[in-house]
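K.L.:
Sequence first, predicted model second:
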Amino acid sequence: MRLDWWTIGLQTVNFAILVWLLHRFLYKPVLGLLDARKAEIQRQYDEASAAEGKAKAQLAAVERERAGIAAEREAALNAAARQAQEMAESRRAEAERDAQAALDAGRATLGLERERAFEVARRMALDLGAEFAKRLIADVPTQLWAEAWIGRIERHIDGLTAAERDPLVHELTDGRALTVVTAAPLPQAIAEGWRARLARSLGDRITISFEADPGLIAGAELHFPTAILRFSWQTALDAMRAEIEADDNPN
């Protein structure tokens with residue numbers, strides 16, 4: 001077999017030209033298109049990555065905001081719960097104070113009413129006692145109660161010291177009289193007996209007169225010019241009434 005070098009050379013030249021043409025007009029444009037496509041894909045990938053990063057950042061921000069909102073909501077709920085509890089406790093305490101105040105006021109009112117009722121009862125008892133004493137004395141013979149009271153008066157005068165009795169006796173000089181006031185008029189004989197016994201205690205030069213005052217209930221009073229010695233039940237009743245009035249008006 002004989003080789004045709006001219007033909008081989010021409011074919012080689014044609015192949016080289018074809019390769020150059022393919023490289024020049026096909027391979028390079030295709031490579032350029034591939035590089036451009038690759039660059040576009042890379043750009044899109046980068047944009048997508050950037051968008052994804054931005055989205056993740058926004059999602060993280062949203063999550064943080066959501067967490068903050070949840071925390072604020074929890075804090076608000078806790079604050080509202082505490083405030084509601086404090087208000088409930090305050091109202092309960094206020095209600096307890098009001099109830100205690102009402103109870104104290106009721107007790108005070110009840111105590112005051114009880115005290116008033118007691119004082120009224122005491123006054124009524126005094127009035128009834130005075131009325132009963134009047135009726136009781138009315139049934140007692142004059143001689144008996146007269147002897148009891150003049151004996152009490154004598155014991156009192158005889159028990160005075162000189163410093164206490166002398167000023168009283170001195171008041172009865174110069175014609176000034178001692179007035180003996182009894183709850184009921186004394187019979188003449190009993191009055192004379194009282195005059196004699198008082199003269200022995202105060203001196204036989206004194207002048208004595210007698211008067212009656214039913215308000216004394218029982219007993220007698222010795223009215224000196226500037227002093228009074230009281231020996232009547234009315235005096236005791238007046239003292240008890242004064243004590244009741246003092247209890248009613250402590251100020």
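P.N.:
Received it, and whenever you're ready, just let me know what you need. Residues are numbered from 1 along each chain as shown.

K.L.:
looking at this, residue 160 is in a strand?
P.N.:
No. Checked against DSSP: H, G, I helix; E, B strand; the rest coil, residue 160 lies outside a strand; its state is coil.

K.L.:
tell me the contacts of the closest residue to it other than its chain neighbours?
P.N.:
Spatial nearest neighbour of residue 160, excluding adjacent residues (CB to CB, 6 or more residues apart in numbering): residue 168 at 7.9 Å. (Each C-beta comes from the backbone N, C-alpha and C, glycine too.) Contacts of residue 168 were listed using CB atoms under 8 Å, 6 or more residues apart in numbering, and they are 160, 202, 224, 227, 229.

K.L.:
I'd like the distance between the third one and residue 156.
P.N.:
Between residue 224 and residue 156 the computed distance is 13 Å (CB to CB, to the nearest Å).

K.L.:
which of the two has more neighbours?
P.N.:
Neighbour totals were compared for residue 224 and residue 156, and residue 224 leads with 19 against 13 (other CB atoms under 10 Å).

K.L.:
tell me the contacts of that one?
P.N.:
168, 171-172, 178 are the contacts of residue 224 under CB under 8 Å, 6+ apart.

K.L.:
Let's see if you can find the most crowded of those.
P.N.:
Neighbour tally across the contacts of residue 224 (other CB under 10 Å): the maximum, 22 neighbours, falls on residue 178.

K.L.:
so when I look at that residue, I'm seeing a helix, right?
P.N.:
No. Assessed by three-state DSSP, residue 178 does not belong to a helix; its assignment is strand.

K.L.:
Quick check: it touching residue 223?
P.N.:
Yes. The criterion here is CB atoms under 8 Å, and residue 178 meets it with residue 223 at 7.0 Å.

K.L.:
check which helix or strand covers residue 220.
P.N.:
Per DSSP states H and E, residue 220 falls inside strand 219-223.

K.L.:
buried ones in that strand?
P.N.:
219-223 (16 or more other CB atoms under 10 Å).

K.L.:
farthest pair in those?
P.N.:
The span of these, defined through CB to CB, is set by 219 and 223 at 13.4 Å.

K.L.:
Now the common contact residues for those two.
P.N.:
Joint contacts of residue 219 and residue 223 (CB under 8 Å, 6+ apart) do not exist.

K.L.:
separation between the residue nearest to residue 160 and residue 159?
P.N.:
Separation of residue 168 from residue 159 (CB to CB): 13 Å.

K.L.:
Over to residue 81?
P.N.:
Using CB to CB, we find residue 81 at a distance of 84 Å from residue 159.

K.L.:
Same question for residue 110.
P.N.:
With distances taken as CB to CB, residue 110 is found 48 Å from residue 159.
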